[in-house]
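A.B. asks: next come a sequence and a model predicted from it.
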Amino acid sequence: MKNIDTLINARWVIPVNDDRVLEQHAIAIDKGVIVDLLPSQQAIQSYKANKVQHLDSHALLPGFVNAHTHTPMNLLRGYADDLPLMIWLNQHIWPAEQKFVNEDFCHDGTLLAVTEMIRGGTTCFNDMYFFPEQSARVVKQTGIRAMIGLIVLDFPTVWGDGPDHYLEKGLQLFDEFKNEANLRLAFAPHAPYTVSDAPLERIATLSSELDVPVHMHLHETHDEIIGSLEQCSELPLQRMDNLGLLSPQMIAIHMTQLTDEEIELVSRTGTHVVHCPESNLKLASGLCPVDKLSKAGVNVAIGTDGAASNNDLDMLGEMRTAALLAKGVSGDAQALPALEALRAATLNGARALGMDDFTGSIEVGKQADVIAIDLSAPATQPCYDPISQIVYSAGRDQVTDVWVAGKQLLSGQEFTTIDKAQVAKKATDWHARISSGK
């Protein structure tokens with residue numbers, strides 16, 4: 001028998017990289033890596049584990065990859081609702097950020113967001129916000145996996161006084177955190193209407209030289225398209241292509257306004273698309289043509305966006321909305337079927353972040369980023385197809401256990417690296433401060 005760290009037995013294992021649903025199987029984990037995937041009876045005979053778990057009514061699957069977030073904005077959840085994007089930003093969110101955002105806001109907001117995400121089965125997230133060093137601190141503190149965006153804007157904010165300053169600080173952070181196991185960094189120019197050509201050209205060069213992804217809002221609203229035509233006489237996507245930014249390094253967020261020609265351009269350049277259906281619906285920004293993109297060979301991942309515009313970081317809910325919306329938009333009930341929706345929330349997200357070589361699916365040799373969902377609840381009974389039940393019926397309250405790199409972050413719905421009471425207190429304190437306007 002081989003000695004290993006952990007052996008997890010479950011009713012079902014869903015690898016996601018293929019169409020299998022494995023019954024009565026086990027995942028063998030050692031030193032944070034999946035070393036075997038085999039029938040439970042065989043596993044018991046083959047491995048002696050320091051810790052053995054039996055999850056008799058659960059499905060094991062790769063953790064969710066939330067491919068677009070603004071985690072500190074959890075502290076602005078519900079602050080300004082039922083408004084279109086630009087009114088929401090200009091009249092509410094940006095003024096609040098100017099007044100309240102600082103290092104503590106970003107640390108505490110990210111910790112609140114990570115607590116929510118781990119509880120809902122997210123093992124990796126892709127972030128974009130100010131004070132990224134604080135978000136990186138939370139990643140190291142909690143054990144979750146993340147790609148942290150190094151934000152760039154044309155105008156001064158609490159984190160920088162202009163594009164050169166943002167990039168200077170970002171490159172310093174890149175050097176500081178580049179060897180962290182659970183942490184990757186990306187350039188994060190906010191949007192075409194907030195970043196001019198010169199810094200975008202520099203980002204394109206740095207991205208290529210350093211092999212660092214670019215994370216950017218793109219083709220989010222009709223107003224963005226009209227504004228670009230008026231100011232630049234070209235569409236944002238064409239502008240990004242001319243600047244050398246459309247490539248497999250580009251993670252394009254939202255993409256609700258696309259022609260067939262633009263879909264072909266996205267496919268040809270290998271650009272990744274992150275679909276944020278609930279935020280787009282709530283802000284009435286538009287509808288991403290997921291079915292057309294998928295049929296064109298574009299890698300489509302799923303993100304929640306920030307909790308100030310969603311208003312949650314629930315990847316199970318986001319995945320369900322994405323699956324249903326794809327059918328309604330395309331008029332095809334077979335668009336984004338359950339397994340493809342699950343892939344969009346896991347492996348496709350890892351692929352968009354350049355992490356699919358070590359996470360996003362349950363495969364031997366990959367990091368043990370795994371979650372368990374209890375399907376014995378009334379909402380998921382009877383269970384004819386566990387994948388369909390997870391996508392169309394399960395709630396995040398059914399997530400019971402979460403591992404990242406083999407380390408258990410949620411055990412029987414209890415956190416192992418987070419003081420939930422302390423997180424709640426800090427959120428309450430921020431609510432009082434923001435509500436008072438002081």
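C.D. replies: Yep, it's here. Numbering: from 1, shown residues only.

A.B. asks: in the stretch 251-400 of the chain, which spans are helices?
C.D. replies: Using DSSP state H, counting those that start in this stretch, the helices found in the stretch 251-400 of the chain span residues 260-269, 277-282, 290-295, 315-330, 338-344, 347-352, 386-392.

A.B. asks: so is the residue nearest to Ile203 when sequence neighbours are not counted in a helix, a strand, or just coil?
C.D. replies: Among residues not flanking Ile203 along the chain, Phe187 sits closest, at 4.9 Å (C-beta to C-beta, 6 or more residues apart in numbering). In short, each C-beta sits where N, CA and C put it, glycine included. Following DSSP: H, G, I helix; E, B strand; the rest coil, we place Phe187 in the strand state.

A.B. asks: before we move on, the earlier item: which one, of the helices of the stretch 251-400 of the chain, ends up nearest to Asn17?
C.D. replies: Proximity to Asn17, assessed across these by C-beta to C-beta, is greatest for helix 347-352 (6.2 Å).

A.B. asks: quick one: average pLDDT of the closest one?
C.D. replies: The pLDDT scores in helix 347-352 average 98.

A.B. asks: which helices and strands does that helix pack with?
C.D. replies: Identification of packing neighbours for helix 347-352 by 3 or more C-beta pairs under 8 Å, 6 or more residues apart in numbering; DSSP states H and E yields strand 64-69, strand 122-129, strand 272-275, strand 300-302.

A.B. asks: point out the most buried one among the helices of the stretch 251-400 of the chain.
C.D. replies: Among these, ranked by average contacts under mean count of other C-beta atoms under 10 Å, first place goes to helix 347-352 (a mean of 28).

A.B. asks: other residues contacting the least confident helix or strand in the chain by mean pLDDT?
C.D. replies: When each helix and strand of the chain is scored by mean pLDDT, DSSP states H and E, helix 85-87 comes last, with a mean of 88. Contacts with helix 85-87, where a contact means C-beta atoms under 8 Å, 6 or more residues apart in numbering, come from Glu220, Thr221, Asp223, Leu283, Ala284, Ser285.

A.B. asks: any chance of a ChimeraX selection covering the buried ones in these?
C.D. replies: To isolate the buried members of the contacts of helix 85-87 in ChimeraX, using 16 or more other C-beta atoms under 10 Å:
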select :220,221,283,285
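
A.B. asks: got the contacts of helix 85-87 as JSON lines, with distance to Asp291 columns?
C.D. replies: Shown next, in JSON lines, are those (distance: C-beta to C-beta, whole Å):
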{"residue": "Glu220", "distance to Asp291": "19"}
{"residue": "Thr221", "distance to Asp291": "21"}
{"residue": "Asp223", "distance to Asp291": "25"}
{"residue": "Leu283", "distance to Asp291": "22"}
{"residue": "Ala284", "distance to Asp291": "21"}
{"residue": "Ser285", "distance to Asp291": "18"}
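
A.B. asks: ok, back up a step: and the helices and strands packed on helix 347-352: which comes nearest Gly349?
C.D. replies: Between Gly349 and those, the tightest spacing by C-beta to C-beta is seen for strand 64-69, at 2.9 Å.

A.B. asks: how about the contacts made by the one residue sitting closest to the centre of the chain?
C.D. replies: Nearest to the geometric centre of the chain sits Asn66, at 1.6 Å (C-alpha atoms, centre = their mean). Counting by C-beta under 8 Å, 6+ apart, Asn66 makes contact with Met117, Thr122, Cys124, Phe125, Asn126, Ile302, Gly303, Thr304, Leu313, Met315, Gly349.

A.B. asks: go again with 6 Å.
C.D. replies: Going by C-beta atoms under 6 Å, 6 or more residues apart in numbering, Asn66 touches Thr122, Phe125, Gly303, Thr304, Met315.

A.B. asks: packing partners of the helix or strand following the least confident helix or strand of the chain?
C.D. replies: Next in sequence after helix 85-87, counting helices and strands by DSSP states H and E, comes helix 94-100. Of the remaining helices and strands, none touches helix 94-100 by 3 or more C-beta pairs under 6 Å, 6 or more residues apart in numbering; DSSP states H and E.

A.B. asks: what's the angle from the helix or strand just after helix 94-100 to helix 315-330?
C.D. replies: Next helix or strand after helix 94-100 toward the C-terminus (DSSP H and E): helix 103-119. Calculated by axes from the mean of the first three to the mean of the last three C-alpha atoms, to 10 degrees, helix 103-119 forms an angle of 80 degrees with helix 315-330.

A.B. asks: look up the pLDDT of the closest residue to Lys178 other than its chain neighbours for me, please.
C.D. replies: Sequence neighbours aside, Leu185 is the residue nearest to Lys178 in space, at 7.1 Å (criterion: C-beta to C-beta, 6+ apart). Note for Leu185: predicted pLDDT of 97.

A.B. asks: with Gly437 instead?
C.D. replies: For Gly437, the model assigns a pLDDT of 83.

A.B. asks: so what's the residue count around it?
C.D. replies: Other residues within reach of Gly437, judged by other C-beta atoms under 10 Å, total 8.

A.B. asks: any idea how far it lies from Tyr392?
C.D. replies: Going from Gly437 to Tyr392 by C-beta to C-beta, to the nearest Å gives 43 Å.

A.B. asks: just Gly32 next, same as before
C.D. replies: Distance, Gly32 to Tyr392, using C-beta to C-beta: 32 Å.

A.B. asks: and for Asp419?
C.D. replies: Going from Asp419 to Tyr392 by C-beta to C-beta gives 34 Å.

A.B. asks: swap in Gln413?
C.D. replies: Gln413 is 22 Å from Tyr392, by C-beta to C-beta.

A.B. asks: try Asn3
C.D. replies: Going from Asn3 to Tyr392 by C-beta to C-beta gives 40 Å.

A.B. asks: what's the answer for Glu97, then?
C.D. replies: As judged by C-beta to C-beta, Glu97 and Tyr392 stand 37 Å apart.

A.B. asks: returning to what we had before: looking at it, the residue nearest to Lys178 is touching Phe174, isn't it?
C.D. replies: Yes. Counting by C-beta atoms under 6 Å, Leu185 touches Phe174, with 5.2 Å between them.

A.B. asks: contact partners for Met1?
C.D. replies: Lys48.

A.B. asks: pLDDT score for it?
C.D. replies: In this prediction, Met1 carries a pLDDT score of 89.
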